[in-house]
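Participant: Need a 3D model of the sequence below.
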Amino acid sequence: MDNCLYGGIYIGLGISLVTWSASYLPAPEVSIFMLTESVLGPIWPWLFLSEKVTLMEMFGGVLILFSLLLLFLLGAKKREILSNL
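Facilitator: Alright, predicted model coming up:
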């Protein structure tokens, strides 16, 4: 029962924060943050419960996180350029 309660609190808190931040961020960045939750989800058991992770799983996760970071940085640079016009 405790796990369900904690899950409900964390999921509710996460959705609330994403909904609140949506008015301050462009829509593509909000969707990137939502996708990042899916990528980071398997990492928490690995960190806290010592679950085994294969090399290919780690490579795929790093590739996706690097791609999201690059997309985020390029988007920020583009907004900066457009704001200076």
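Participant: Tell me how many other residues crowd residue 17.
Facilitator: By other CB atoms under 10 Å, 11 other residues sit near residue 17. C-beta here means a position set from N, CA and C on the backbone, and glycine is covered the same way.
Participant: Kindly report the same for the one 5 residues further on.
Facilitator: By other CB under 10 Å, the residues close to residue 22 number 15.
Participant: Residue 49 now?
Facilitator: Neighbours of residue 49 (other CB under 10 Å): 7.
Participant: cool, and the one 4 residues further on?
Facilitator: Residues contacting residue 53 under the criterion other CB under 10 Å number 14.
Participant: ok, it to residue 44 distance?
Facilitator: 11 Å (CB to CB, to the nearest Å).
Participant: before we move on, what about residue 72?
Facilitator: Distance from residue 72 to residue 44, by CB to CB: 21 Å.
Participant: Who has more neighbours out of these two?
Facilitator: In this view residue 72 and residue 44 are compared by other CB under 10 Å, and residue 72 has more residues nearby, 15 against 10.
Participant: which ones are touching the more buried one?
Facilitator: Contacts here follow CB atoms under 8 Å, 6 or more residues apart in numbering; on that basis residue 72 touches 29, 32.
Participant: Could you point out which residue ranges in this structure have low pLDDT?
Facilitator: Along the chain, the parts satisfying pLDDT under 70 run over 1-7, 82, 85.
Participant: what residue lies at the spatial centre of it?
Facilitator: Geometric centre of the chain, nearest residue: residue 36, 2.4 Å, by CA atoms, centre = their mean.
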